[in-house]
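In: Provided below for reference: sequence and predicted model.
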There are 2 protein chains.
Amino acid sequence: MTDLLITDVRPLGGPAADLLLRGGRIAALGAGLAAEVPDAPRLEGRGRLLLPGLVEPHTHADKTLWGLPWRPHGAGDTLESLIQNERRVLAATATPTIERAAGLLRQMARLGTTAVRCHVDVHPEAGVASVEALLRLKQDLAHLLDLQLVAFPQQGLLIRPGTYELMDEALRLGVETVGGLDPCGIEQDPVRHLEAVFGLAVKHGRGVDIHLHDLGTQGLWQVGRIVDFTARHGLEGRVMISHAFCLGSAHWDQVAPLAERLARHGVAIMTTAPADCPAPPVRQLRAAGVTVCSGNDGIRDAWSPFGNGDQLERALFVALRFDWRRDEDLAVAFDCVSGQAAKALGLDDYGLVPGARGDLLLVAAETLGAAVVERPQARTVIRAGRVVADDGRLVG
Amino acid sequence: MTDLLITDVRPLGGPAADLLLRGGRIAALGAGLAAEVPDAPRLEGRGRLLLPGLVEPHTHADKTLWGLPWRPHGAGDTLESLIQNERRVLAATATPTIERAAGLLRQMARLGTTAVRCHVDVHPEAGVASVEALLRLKQDLAHLLDLQLVAFPQQGLLIRPGTYELMDEALRLGVETVGGLDPCGIEQDPVRHLEAVFGLAVKHGRGVDIHLHDLGTQGLWQVGRIVDFTARHGLEGRVMISHAFCLGSAHWDQVAPLAERLARHGVAIMTTAPADCPAPPVRQLRAAGVTVCSGNDGIRDAWSPFGNGDQLERALFVALRFDWRRDEDLAVAFDCVSGQAAKALGLDDYGLVPGARGDLLLVAAETLGAAVVERPQARTVIRAGRVVADDGRLVG
């Protein structure tokens, strides 16, 4: 890979600097680099803000209807109704999974996302077909982003016979993470569910990411059990709980001991920062040492018509959800879609430091806070040291 | 004013039609109009969605820092702290009110807003200077939008001696609406506050718009008193309560009798649909017959760094706040920034019907729901029958 010198950028809104990429990684970041490598190919930063590539820690690209005609939402309000509706909608969708998912992932890439964790449905009707499609995209789109997959038992693991074996197969095929779903609310047998999920993780040497929608004390109890299983199986730093609305529906006095355990055992929390229901208290969880990240969840699919794949917009939603107005709070919102998300996904060579991979975003914004508030669309995206999007459009 | 024929548009996403504007108003809307007026100047709709101009029922353009360098938010969390912080920030801002406000109003106009209600601060330090600036803009920007003003005692009416007289003067100068502010929480004398506010309204023959942040039963009690004063003074249909968080913090059983009274006496509710705190239950209030509209409130000012003046984005925030996913619900969210807002502001010649004023918006979106979700930026805006913005930019 060739070098690339990016001149006159402001890392996270700081003083102007140049950045040298070499072999797809950040070789140097500082003032006056241009003089040291006069012959390197150049990208003019023109004073723009330099950000690390955005990280999407939770989406369902396999089920998106991105790129298809508008489809009126038709599900009821319960989780069961949404799951059943999705089965109907996807069964009636002619466009292949790989095409829909690729469209959405390209949309994310053009907006500066350079790493994505995608939950992929595994169930007896579809087998591992979606997993195979997304594994193919992991290769095909590697020039744009890192794609991590979660084998996700959307229709249940225990309650849908045959799913366990398909999860096992998905992991053998190369999926990185074992998914789970409401051990109480959907599976109705929390311990057996967690035994199955963590059993698969141990068997394949993988991490775990569990959707937990269950509310109240029942939800909190399950958070505790997920931490137990994490500790028991030595999976510290490799487990995430997605949504965890329950952490936002209880008094902090009740949540604090759980937060301490989440932090101690390296269990991360993912929230979309929903406006309509309780959300995990991001500030307090962070203060307790918990890794908290934020993602878009499903985008334009049978679950909801919302979403555009923009992680800067998701950061804005985090800030709005908690009424964070100060620059330092807007920086925390940004951290939820960058550094914290990278940590939750185990991307240990991430960031604006020498040695980190050259996944970067340039936006015309005065400050980091302004970038979150304004979400400029004309972005320049660098992936592994190469410009992959300019003016908000994919190049090449 | 010349005619204008807009061809091939889809009103609110319905079947393709043409629209004829004559004398600044909608003369006809239907299929095949092009053949009837072959010589009229034409605007090619190209199959775009036709919407009525957006209506902003609540903003504070006089206090925006729009167009100025990014300013880190520096206030504390209490209402008092925010008010004091604002005094400091605005005192230190060299750019004149008229310039800042004009910048924001132009931003709103380019995004399709054709009517705005702006609360304008009135207090002894500044006198009616901001009112005079906004009255000037009402004239200067009349080609872009209708500007309605509210004389707003941001620092209190009773507790800031001299403010009553300034409000009186503002109304004599031509301000349409009498503002009020937390009769209990800020003014500490609810009945005298309402006597002053409604007294000014009766004296000048104007409407009323009261900021009510107070929560819980105290807030609900004040809603009841505002309805009392509305009925007593025969101001049905001319009173709005802005924010009214209290309506969202109580059980509907407690709110329902108030909703019935709000509807009966024509007292409208304005909400920003905040993600971080209780919001008036829009669906239930509408079902009870209450006019409920949604606005942006302050934009990029000393209160918060948020906002871009886009009423389509505000409609999205309404939908997200209540988890409205269905097309009919997205249409309700749109109604909050269009028809309901127009009704609350007394714009009785509004809408996509013959005779209505020719304030229109064209966007490239498949459906009304898609327009709310996607918020396309390349908008064509027609004001009083003339194109004032194209491709999201003001023309001429």
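Out: Great, that's in hand.

In: count the residues that sit near residue A:353.
Out: Look at residue A:353: counted by other C-beta atoms under 10 Å in any protein chain shown, it has 11 neighbours. Placement of C-beta: from N, CA and C, glycine included.

In: name the single longest helix found in chain A.
Out: As assigned by DSSP state H, the longest helix anywhere in chain A is helix A:216-232.

In: which parts of that helix are buried?
Out: A:219, A:220, A:222, A:223, A:226, A:227, A:229, A:230, A:231 (16 or more other C-beta atoms under 10 Å in any protein chain shown).

In: I'd guessed the third one sits against residue A:214; true?
Out: Yes: the pair formed by residue A:222 and residue A:214 meets the contact definition of C-beta atoms under 8 Å, at 6.1 Å.

In: shared neighbours, the two?
Out: Common neighbours of residue A:222 and residue A:214, using C-beta atoms under 8 Å, 6 or more residues apart in numbering or on different chains, are A:182, A:184, A:246.

In: by neighbour count, which of the residues you listed wins?
Out: Counting neighbours by other C-beta under 10 Å, the top entry in the shared contacts of residue A:222 and residue A:214 is residue A:246, with 25 neighbours.

In: wait, that residue sits on residue A:214?
Out: Yes: between residue A:246 and residue A:214 there is a contact under C-beta under 8 Å: 6.4 Å.

In: spit out the residues that contact the two alike.
Out: In the contact map built from C-beta under 8 Å, 6+ apart, the residues linked to both residue A:246 and residue A:214 are residue A:222.

In: could you pull out the helices in chain A for me?
Out: Along chain A, the segments classed as helices by DSSP H run A:33-36, A:79-91, A:97-110, A:129-140, A:163-173, A:190-204, A:216-232, A:246-249, A:252-264, A:282-287, A:311-321, A:327-336, A:339-344, A:368-374.

In: export those helices as TSV, with columns for distance to residue B:360 and mean pLDDT.
Out: Formatted as TSV, these follow (distance: least, C-beta to C-beta, whole Å; pLDDT from 0 to 100):
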stretch	distance to residue B:360	mean pLDDT
helix A:33-36	51	89
helix A:79-91	34	88
helix A:97-110	30	98
helix A:129-140	42	98
helix A:163-173	52	98
helix A:190-204	54	98
helix A:216-232	48	98
helix A:246-249	42	96
helix A:252-264	50	98
helix A:282-287	41	98
helix A:311-321	27	98
helix A:327-336	36	98
helix A:339-344	42	98
helix A:368-374	27	98
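
In: got the residues of the stretch 201-350 of chain A near chain B?
Out: The stretch 201-350 of chain A has residues A:273-277, A:300, A:304-308, A:316-317, A:319-323, A:325-327, A:330 near chain B, with proximity defined as C-beta under 8 Å from any C-beta of the partner chain.

In: about what we covered before: can you say which of the helices of chain A is nearest to residue B:177?
Out: For the helices of chain A, the distance to residue B:177 is smallest for helix A:311-321, at 27.9 Å, taking C-beta to C-beta.

In: how about the CA coordinates for that closest one, as PDB?
Out: Taking C-alpha atoms only, helix A:311-321 is exported to PDB below (Å, rounded to 0.1, in the frame of the first residue of the first chain):
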ATOM      1  CA  GLN A 311     -23.600   7.200  13.100                       C
ATOM      2  CA  LEU A 312     -23.100  11.000  13.500                       C
ATOM      3  CA  GLU A 313     -26.900  11.200  13.600                       C
ATOM      4  CA  ARG A 314     -27.000   8.400  16.100                       C
ATOM      5  CA  ALA A 315     -24.600  10.400  18.200                       C
ATOM      6  CA  LEU A 316     -27.000  13.300  18.000                       C
ATOM      7  CA  PHE A 317     -29.800  11.100  19.100                       C
ATOM      8  CA  VAL A 318     -27.700  10.000  22.200                       C
ATOM      9  CA  ALA A 319     -27.100  13.700  23.000                       C
ATOM     10  CA  LEU A 320     -30.800  14.600  22.600                       C
ATOM     11  CA  ARG A 321     -31.900  11.600  24.600                       C
END
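
In: and it, what does it pack onto?
Out: Judged by 3 or more C-beta pairs under 8 Å, 6 or more residues apart in numbering or on different chains; DSSP states H and E, helix A:311-321 is in contact with strand A:54-59, strand A:292-294, helix A:327-336, helix A:368-374.

In: can you list those in JSON lines and add mean neighbour count?
Out: Shown next, in JSON lines, are those (neighbours: other C-beta atoms under 10 Å in any protein chain shown):
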{"stretch": "strand A:54-59", "mean neighbour count": "29"}
{"stretch": "strand A:292-294", "mean neighbour count": "30"}
{"stretch": "helix A:327-336", "mean neighbour count": "22"}
{"stretch": "helix A:368-374", "mean neighbour count": "24"}
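
In: output those in a markdown table, with distance to residue B:167 appended to each entry.
Out: Formatted as a markdown table, these follow (distance: least, C-beta to C-beta, whole Å):
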| stretch | distance to residue B:167 |
| --- | --- |
| strand A:54-59 | 48 |
| strand A:292-294 | 44 |
| helix A:327-336 | 36 |
| helix A:368-374 | 33 |
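
In: so which of these gets nearest residue A:114?
Out: For those, the distance to residue A:114 is smallest for strand A:54-59, at 6.8 Å, taking C-beta to C-beta.

In: thinking again about what came up before, of all the buried residues of helix A:216-232, which comes closest to chain B?
Out: residue A:219 (18.2 Å; C-beta to the nearest C-beta).

In: so the closest one versus residue A:254, what's the distance?
Out: Relative to residue A:254, residue A:219 is positioned 11 Å away (C-beta to C-beta, to the nearest Å).

In: out of the residues of the stretch 201-350 of chain A next to chain B, which are buried?
Out: Among these, those that count as buried by neighbour count (16+ other C-beta under 10 Å) are A:273-275, A:300, A:304-308, A:316-317, A:319-322, A:325, A:327, A:330.

In: show me the contacts for the closest residue to residue A:366 other than its chain neighbours.
Out: Distance criterion C-beta to C-beta, 6 or more residues apart in numbering or on different chains; nearest residue to residue A:366, sequence neighbours excluded, is residue B:70 at 4.3 Å. Neighbour list for residue B:70: A:366, A:367, A:369, A:370, B:305 [criterion: C-beta under 8 Å, 6+ apart].
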